[in-house]
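> this one's structure only:
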């Protein structure tokens, strides 16, 4: 079955602490993996995707095919990182249909 | 800049009413999607459309239908609204990534 699992509903850290939001997936084939973010009162937006291999706002995510994981990391959390984060996967077809995880709320305390 | 707009930010309807949620995108995208967003469940795909007049069911299509008469517009229809359809509804369009609208918070009383 195709599935994205985010085991933590809430992750609370202090400003300056490292952050890791976990994402595991189940997919038969080679999916594309994404992280989406939703800040308070804003629309859902793409944060990063694994094929880009880039760092956005200090966040990085590495696709680990052996562990079927795509964890999101940042070495030093900032208060403005507080948001809802969703991991998602897409099959390698042209529809760009996404399967989302249940989301993790990140709260960065001052 | 890609723009996806939804007709209402907040909507309150009564049980049994027919409800229309409208979504418009301005980037000539072929693919459009409707999701509902619920706490603890993430986003779940209701329907998607990959061309005008073409549609496919997503994971939770029961109680919903859609219409895509023009490329830029994708409508979600609740034939007879029920209280368990109270939710946040998100529309998206995609080319090589999905772009989301601001959402419509629907309350069915």
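It's in. Keep in mind that this is a model prediction, so the values were computed, not measured.

> check which helix or strand the residue nearest to the spatial centre of chain B maps to.
With distances taken as Cα atoms, centre = their mean, residue B:34 lies nearest the centre of chain B, 3.3 Å away. Using DSSP states H and E, residue B:34 maps to strand B:31-38.

> is chain A contacted by that strand?
Yes: Strand B:31-38 lies within reach of chain A by Cβ under 8 Å from any Cβ of the partner chain, at B:31, B:33, B:35. Every C-beta, even on glycine, is put in place using the N, C-alpha and C of the backbone.

> again with stretch B:62-71
No: judged by Cβ under 8 Å from any Cβ, stretch B:62-71 makes no contact with chain A; its nearest approach is 14.2 Å.

> before we move on, the earlier item: and the residue nearest to the centre of chain B, what does it touch?
Applying Cβ atoms under 8 Å, 6 or more residues apart in numbering or on different chains to residue B:34 gives the contacts B:21, B:23, B:45-48, B:58, B:64, B:66, B:74, B:76, B:89-91.

> the closest residue to residue B:89 other than its chain neighbours and residue A:3, how far apart?
Computed as Cβ to Cβ, 6 or more residues apart in numbering or on different chains, the closest residue to residue B:89 that is not its neighbour in sequence is residue B:104, at 4.8 Å. In this view, residue B:104 and residue A:3 are 27 Å apart by Cβ to Cβ, to the nearest Å.

> which ones are touching the residue nearest to residue B:89?
B:6, B:7, B:8, B:9, B:10, B:11, B:21, B:88, B:89.

> make a PyMOL selection of the buried ones in those.
Of those, the buried ones go into a single PyMOL selection, burial set by 16 or more other Cβ atoms under 10 Å in any protein chain shown:
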select buried, chain B and resi 6+8+11+21+89
